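>>> What follows is a predicted protein model with its sequence.
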Amino acid sequence: MPQFAVGDIVPEFSLLSTAGACIRVSDYRGRRNLVLVFCGTGSSAPVRDLVRQVSEQYPEFVAEEAEVLALVHDAGDQAEDLDRGCNPPFPVLSDKSSHAHELFGFPQPDQQSFPVICVIDRFGELRHVSPAAESQRSDFARGILEWVRYINLECPE
């Protein structure tokens, strides 16, 4: 679990996207909620299934003023492999040093075959952590979208 708890402000970090852009958590503060999908190496079937689910529903996340970021432990080309294989409409970020995964307290890539989702509100507060399980439903992404909607109702602009 994270080194900080639900209700804490997420510390600043930045990662490179597969497109070469430097993405910072602070880029979204005050403007958009964030859905961070921690993908381990990005190669497991559950991770790829969730990335596809979220991709299909991405317009709904955008309509709810949320951005989705997929974070991949990347010792080589894993982030690019996930990006090419799933072609998500949202950024895939390379966590080469494992800084973000470690910051959130998630296991090393060989131990993480299921994705973990963190929802951060537009003010930078960690609002929800949801580890996917082997029994992951086909509508898991819909549940995450419902969390984003709940946050928007609870914290209107």
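Done, it's in. Numbering: from 1, shown residues only.
>>> what does stretch 49-57 contact?
35, 37, 39, 42, 61, 68, 70, 82, 86-90, 115, 117, 132, 136, 138-142, 144-145 (CB atoms under 8 Å, 6 or more residues apart in numbering). (Each C-beta comes from the backbone N, C-alpha and C, glycine too.)
>>> should've said stretch 90-98
Outside stretch 90-98, the residues that reach it (CB under 8 Å, 6+ apart) are 15-19, 21, 23, 42, 54-55, 58, 61, 67-75, 78-80, 82-83, 100-101, 108-109.
>>> Please flag which of those sit within strands.
Counting by DSSP state E, those place L15, L16, S17, I23, E67, V68, L69, A70, L71, V72, H73 in strands.
>>> who's in contact with R24?
E12, F13, S14.
>>> Quick check: beta-bridge partners of it?
On the basis of DSSP bridges, R24 is bridged to S14.
>>> Make a ChimeraX selection of the buried ones in the contacts of R24.
In ChimeraX, this line selects whichever of those come out buried by 16 or more other CB atoms under 10 Å:
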select :13
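>>> which stretches of this protein have low pLDDT?
Along the chain, segments meeting pLDDT under 70 span 1-2, 75-76, 107-112, 133-138, 155-157.
>>> circling back: out of the ones in strands among the contacts of stretch 90-98, which one sits closest to R31?
Relative to R31, the closest of the ones in strands among the contacts of stretch 90-98 is E67; by CB to CB it sits at 8.9 Å.
>>> Mark which of the contacts of stretch 49-57 are buried, thanks.
35, 37, 39, 42, 61, 68, 70, 82, 86, 88, 90, 115, 117, 132, 136, 140-141, 144-145.
>>> Could you list which of those belong to helices?
F61, L82, C86, F140, A141, I144, L145 (DSSP state H).
>>> so how far is G7 from the nearest residue to the second one once chain neighbours are set aside?
Yep, that's L82 we're talking about. Leaving aside its sequence neighbours, L82 sits nearest to G42 (CB to CB, 6 or more residues apart in numbering; 3.5 Å). Distance from G42 to G7, counting by CB to CB, to the nearest Å: 29 Å.
>>> Then H128?
11 Å.
>>> So which of those two has more stuff around it?
Comparing H128 with G7 by other CB atoms under 10 Å, the one with more neighbours is H128, at 17 against 8.
>>> Phi first, then psi, for that one.
Main-chain torsions, H128, degrees, to the nearest 10: phi -160, psi 140.
>>> so what's it up against?
V6, I117, C118, V119, W147, I151.
>>> PyMOL command to pick out the buried ones of those?
Under the burial definition 16+ other CB under 10 Å, those of the contacts of H128 that qualify are selected in PyMOL by:
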select buried, resi 117+118+119+147+151
